[in-house]
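Enquirer: sequence plus predicted model, see below.
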Amino acid sequence: MKTIDDFNFKNKKALIRVDFNVPLNDNFEVTDTTRIESAKPTIIKILEDGGSCILMSHLGRPKGIQEDFSLKHIIKTLENILGVEVVFSENCVGEMAENAAKKLQQGEILLLENLRFHDEEKQGNQNFAEQLSRLGDIYVNDAFGTAHRAHASTTIIADYFSGQKCFGYLLAKEIESINKVMQTGERPVLAILGGAKVSSKITIVENILDKIDHLIIGGGMTFTFIKAMGGMIGNSLVEDDKMELALEILKMAKQKNVEVHLPVDALVADAFSNEASTKVTDVNAIPDGWMGLDVGPKSILYFNDVVKSSKTILWNGPLGVFEMERFANGTIALGNSISEATKSGAFSLVGGGDSVAAVKQFGFEDKVSYVSTGGGAMLESLEGKILPGIKAILD
Ligand code: AMP
């Protein structure tokens, strides 16, 4: 796996695919700088080598050229974070971009306008990729968030940089973290799957059963399993058409010697609301009119024990409806358990959508080993797919 450490960028122009798809407020100010900060180590290493950086990214989902989605909105934030002045090209290809790239000196940074102002980016257009490729000497992919897309700047472009392409630090770290869980992790390996539905996690379950020793199931998908096993789940979220699949998963887990841990109790509510009446019941004895919106106290203790005895931990999906304060306890407790296990030497990876949001919201970000920056890309990796953006560098 070639990373930027395998190259000396002195007098080289690095064309870097970054993920600066950051949230902006109504005044077009960046409200979460995580993605920019994550790209900093790669950019700084190249500048310190004596190279220059040409940064390319998408922002949002523009239809053609739309000012609201211009990357010029992030220039100030980018300059503040990097501590270096940034030159901006109002087009990512063509004469303007090529001239700006040509003029670039050692230690300088050029930011290109939103790649998605050209439809060819998402189409993976060869000609567009070739035009982009003219701008730099070495192609660096540091955008995990789009590595699962075969777009021009994430995948197709790599063909034009034979032997002159590599992963940036961020993407390398993502790959390494996933490999730690899926291939080289110290055992016992535990996966925790929460979230709303069985249907959205099924491919992950099928793929990871061969790689783990323990599986904790939480969140809304618990109840499809419990109902399939004959339990009473009241008005809890359920996918009736996935009950057979749930039983199949349990059978497969048994065959593969994976211990499955389901919640034993639930915090149930009489409405999907933070103001609802609540009580704790056994997970398989939820009365009609009540729905499970979080795991109960016994489950919290039970899961804590499983987490503490694991050496490698993957967490995807909250244990309850954590967006409502009263149903966030299970998710917070799990975050605490994982943090403590990490402190005692376990490797913990949090990835994919809402668990990342939960980890950030409750302040666990620095207490776990790694928080993935890519939602869809992370899920597809866990499903066992080889991401096109990663394959393109390895080829
Ligand atoms: P996912 O995107 O599949 O990881 O699902 C995340 C969502 O699952 C969050 O918005 C949670 O509120 C929701 N969720 C977690 N537990 C439950 C539950 N017991 N009932 C309904 N929704 C839940």
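Expert: Structure received. Numbering: from 1, shown residues only.

Enquirer: okay, CA-based contacts and neighbour counts for the rest of this
Expert: OK.

Enquirer: how about the residues of the stretch 151-300 of the chain by the ligand?
Expert: 195, 196, 197, 219, 220, 237, 292, 293, 294 (Cα under 6 Å from any ligand atom).

Enquirer: cutoff 8 Å now
Expert: 194-198, 200-201, 218-223, 236-237, 291-295 (Cα under 8 Å from any ligand atom).

Enquirer: so who does the residue in the stretch 1-150 of the chain positioned nearest to the ligand touch?
Expert: Among all residues of the stretch 1-150 of the chain, residue 145 sits closest to the ligand, at 16.2 Å; criterion: Cα to the nearest ligand atom. Contacts for residue 145 (Cα atoms under 8 Å, 6 or more residues apart in numbering) come out as 19, 373, 374, 375, 376, 377.

Enquirer: what number of residues lie near the first one?
Expert: When counting by other Cα atoms under 10 Å, one arrives at 24 neighbours for residue 19.

Enquirer: likewise for the fifth one?
Expert: Summarising burial for residue 376: neighbours were counted as other Cα under 10 Å, giving 18.

Enquirer: domain ranges for the protein?
Expert: According to automatic domain parsing, the chain comprises the domains 4-172, 185-382.

Enquirer: using CSV, lay out these together with mean pLDDT.
Expert: Below are those laid out as CSV (pLDDT from 0 to 100):
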stretch, mean pLDDT
domain 4-172, 97
domain 185-382, 95
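
Enquirer: looking at those domains, which is closest to residue 178?
Expert: Nearest of the domains of the chain to residue 178, taken as Cα to Cα: domain 185-382 at 7.6 Å.

Enquirer: pretty sure residue 13 contacts residue 137?
Expert: Yes - assessed by Cα atoms under 8 Å, residue 13 is found in contact with residue 137 at 5.2 Å.

Enquirer: neighbour count for these two, which is higher?
Expert: Set side by side, residue 13 and residue 137 show more neighbours around residue 13, with 27 against 17, by other Cα under 10 Å.

Enquirer: in contact with the more buried one, which residues?
Expert: Per Cα under 8 Å, 6+ apart, neighbours of residue 13: 51, 52, 53, 54, 135, 136, 137, 138.

Enquirer: for it, what are phi and psi?
Expert: phi -100, psi 110 (degrees, to the nearest 10).

Enquirer: do residue 123 as well
Expert: The phi/psi pair for residue 123 (degrees, to the nearest 10) reads phi -70, psi -10.

Enquirer: give me the neighbour count for it.
Expert: For residue 123, using other Cα under 10 Å, the count is 14.

Enquirer: again with the one 4 residues further on
Expert: If you count neighbours by other Cα under 10 Å, residue 127 ends up with 13.

Enquirer: so it: helix, strand or coil?
Expert: Look at residue 127: counting by DSSP: H, G, I helix; E, B strand; the rest coil, its state is helix.

Enquirer: from the contacts of residue 145, which is closest to the ligand?
Expert: residue 375 (9.8 Å).

Enquirer: state the distance from residue 202 to residue 270.
Expert: Between residue 202 and residue 270 the distance, using Cα to Cα, to the nearest Å, works out to 29 Å.

Enquirer: revised request: answer the last question for residue 37.
Expert: 43 Å.

Enquirer: neighbour count winner among these two?
Expert: Higher neighbour count among residue 37 and residue 270: residue 270, with 19 against 14, using other Cα under 10 Å.

Enquirer: verify the stated contact: the more buried one with residue 290.
Expert: Yes - contact between residue 270 and residue 290 holds when scored by Cα under 8 Å: they sit 4.6 Å apart.

Enquirer: who are the contact partners of residue 131?
Expert: The contact partners of residue 131, by Cα under 8 Å, 6+ apart, come to 93, 94.

Enquirer: and the helices in the stretch 51-200 of the chain?
Expert: Ranges of helices in the stretch 51-200 of the chain, per DSSP state H, counting those that start in this stretch, are 75-82, 94-103, 120-123, 126-133, 169-179.

Enquirer: one step back: who wins for neighbours among the contacts of residue 13?
Expert: Within the contacts of residue 13, most neighbours by other Cα under 10 Å means residue 53, with 29 neighbours.

Enquirer: who's in contact with stretch 361-376?
Expert: 35, 144-146, 148, 174, 177, 332, 335-336, 338-339, 342-343, 347-353, 356, 359, 378.

Enquirer: check stretch 387-395 too.
Expert: 1-2, 141, 146-150, 154-156, 158-159, 165-167, 377, 380-381.

Enquirer: tell me the buried residues in that stretch?
Expert: Buried positions in stretch 387-395, judged by neighbour count with 16 or more other Cα atoms under 10 Å: 387, 388, 389, 390, 392, 393.

Enquirer: which one of those residues sits closest to residue 246?
Expert: So of the buried residues of stretch 387-395, ranked by how close each gets to residue 246 (Cα to Cα), first place is residue 387, at 27.4 Å.

Enquirer: circling back: which of the contacts of stretch 361-376 count as buried?
Expert: Buried among those (16+ other Cα under 10 Å): 35, 144-146, 148, 174, 177, 332, 335-336, 338-339, 342, 347-353, 356, 359, 378.

Enquirer: restricted to helices, list the residues you listed.
Expert: Judged by DSSP state H, helices contain the following of these: 35, 174, 177, 332, 335, 336, 338, 339, 342, 356, 359, 378.
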